[in-house]
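Participant: Need the 3D shape of this:
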Amino acid sequence: MKLESFWQATAPVFTGAASGALPSRADVVVIGGGFTGISAALSLARSGLEVVVLESGQVMSQASARNGGHCNTGVAQNFASLVASQGLDQASRYYRAFDNAVSYVENLVRDERIDCDFRLCGKLKLASKAAHFAGLKEAWQLMRSTVDPEIELIGKEDIRREVASDDFHGGLLQKRGGQMHMGKFGVGLAEAAARSGAKIFPYHAVTAMTRLDGYRHRLQTAQGEILADKVLMATGCSNVGPFPWFQRRIVPVGSFIVVTEPLEEALLHEVLPHDRTYVTSLNIGNYFRTTADRRLVFGGRARFAVSNPTSDSRSGEILQAALAQMFPQLARARIDYCWGGMVDMTSDRLPHAGEQDGVFYSLGYSGHGTQMSVFMGRIMADLLAEKSNDNPWQRESWPALPGYHGKPWFLPLAGLYYKAKDRLS
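Facilitator: All right, here's what the predicted structure looks like:
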């Protein structure tokens with residue numbers, strides 16, 4: 001078993017990194033070389049702006065290539081609960097933003113001819129307990145009449161036609177869900193940005209950032225400094241670097257994934273006959289899907305801990321056991337890859353985007369960032385280029401988490417809380 005991301009291990013090498021010294025200035029400096037930052041750089045470069053991307057490690061080396069590989073419609077919360085907290089109009093706007101994000105990724109893959117195994121296959125949310133099915137039914141009734149007339153509710157008597165497991169009591173099928181090979185997509189997107197004129201500098205961590213006036217900032221790296229007319233913060237967790245305002249609002253939570261060896265086609269068809277993306281309804285649940293070479297990607301929170309080799313390995317053992325329990329048919333499948341990554345979680349489990357102290361930002365995708373991060377890169381690029389402001393996540397305030405300064409000391413307690421909720425619900 002390799003302790004590395006399957007997406008990164010099987011992706012092509014990025015060849016478009018900038019060479020030479022850091023420029024002295026740029027119209028826009030993007031901090032972060034993941035989906036948000038690279039998508040923004042692509043759109044900014046095509047608008048004729050001088051754009052520089054500063055990435056602390058390799059391009060697409062964090063959440064953008066260390067996730068479960070889903071590209072789905074729908075928000076992180078139960079839609080009925082979101083309506084209760086945000087109102088129907090706002091909740092519907094958020095839902096449609098995710099639908100637009102999936103379409104944007106689909107079109108980008110086609111237009112840039114990115115070979116990344118993209119396909120729309122539907123997302124199935126599975127009721128892990130009988131009591132959870134009532135919540136799915138409530139969401140189905142509301143969504144069908146407002147934002148998604150094609151959504152389908154599947155009862156317990158029919159759920160085994162979708163998933164060959166005794167663990168589930170029904171499901172909610174959103175037919176616009178999709179998937180792709182994250183590493184291939186990320187590298188393809190970065191190559192497109194570089195071809196369009198974006199200067200992408202891997203291993204250029206920002207060590208200091210000083211506001212000069214308005215939106216202008218001086219950014220320092222170990223390799224030199226650069227003056228930016230505007231700055232876009234696109235760093236995901238933001239838990240490293242001179243970004244204290246963001247670090248008080250984003251909680252990095254570990255998510256862990258294993259990938260099996262290639263499986264027999266007949267066996268995979270028996271287990272998952274419709275080959276969708278899947279997520280369970282538990283707070284500490286699982287998500288899974290297949291790959292183009294017939295592997296099963298199986299992930300979840302497993303442990304409320306940060307990602308590191310020891311934590312990843314322990315979490316992999318937990319996930320392997322959960323996989324065997326859910327699908328006894330796959331209990332003997334070899335695990336080829338195991339890894340973890342950090343999810344940039346917010347208190348309301350919704351993204352946040354806007355401007356703070358002269359710095360533009362789009363962060364906090366809370367485990368639903370594949371499609372939204374790419375989409376928000378384009379949205380923020382239009383804002384920075386002064387073309388339009390269609391930001392669906394702009395809000396009046398983003399309160400800091402009380403008693404939190406960037407180190408998630410409370411994760412073990414949160415894990416115990418959610419485990420108790422799963423036992424009692």
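
Participant: which stretches of the stretch 201-350 of the chain form strands?
Facilitator: Applying DSSP state E, counting those that start in this stretch to the stretch 201-350 of the chain gives strands spanning 206-213, 216-221, 224-233, 251-260, 277-280, 286-290, 296-300, 335-345.

Participant: counting contacts, what elements does the longest one pack onto?
Facilitator: So that's strand 335-345. Other elements packing on strand 335-345 under the criterion 3 or more C-beta pairs under 8 Å, 6 or more residues apart in numbering; DSSP states H and E are helix 6-9, strand 251-260, helix 309-326. For every residue, glycine as well, the C-beta is placed using N, CA and C.

Participant: Could you list every helix and strand that whatever helix or strand comes next after it packs against?
Facilitator: Later in the chain than strand 335-345, the nearest helix or strand by DSSP states H and E is strand 352-356. Strand 352-356 makes packing contacts with strand 359-363, helix 369-384 when contacts are defined by 3+ C-beta pairs under 8 Å, 6+ apart.

Participant: So which bits of strand 352-356 are buried?
Facilitator: 352, 353, 354, 355 (16 or more other C-beta atoms under 10 Å).

Participant: Taking their axis directions, that strand and strand 224-233 sit at what angle?
Facilitator: Compare the direction of strand 352-356 with that of strand 224-233 by axes from the mean of the first three to the mean of the last three C-alpha atoms, to 10 degrees and you get 130 degrees.

Participant: now strand 352-356: mean pLDDT?
Facilitator: For strand 352-356, the mean pLDDT works out to 97.

Participant: likewise stretch 217-228?
Facilitator: 97.

Participant: what's the answer for stretch 93-101, then?
Facilitator: Mean per-residue pLDDT for stretch 93-101: 95.

Participant: And for stretch 107-125?
Facilitator: pLDDT averaged over stretch 107-125 gives 97.

Participant: What's the end-to-end length of it?
Facilitator: Distance across stretch 107-125, first residue to last, is 25 Å (C-alpha to C-alpha, to the nearest Å).

Participant: Report the buried residues of it.
Facilitator: Of the residues in stretch 107-125, 108-109, 112, 114, 116-118, 120-125 count as buried by neighbour count, 16+ other C-beta under 10 Å.

Participant: Likewise for stretch 221-233?
Facilitator: In stretch 221-233, the ones that count as buried by 16+ other C-beta under 10 Å are 221, 226, 228, 229, 230, 231, 232, 233.

Participant: Spell out for me which residue occupies the centre of this protein.
Facilitator: Centroid check for the chain by C-alpha atoms, centre = their mean gives residue 369 as the closest residue, at 2.8 Å.

Participant: contacting residues around that one?
Facilitator: 35, 63, 67, 236, 344, 351 (C-beta atoms under 8 Å, 6 or more residues apart in numbering).
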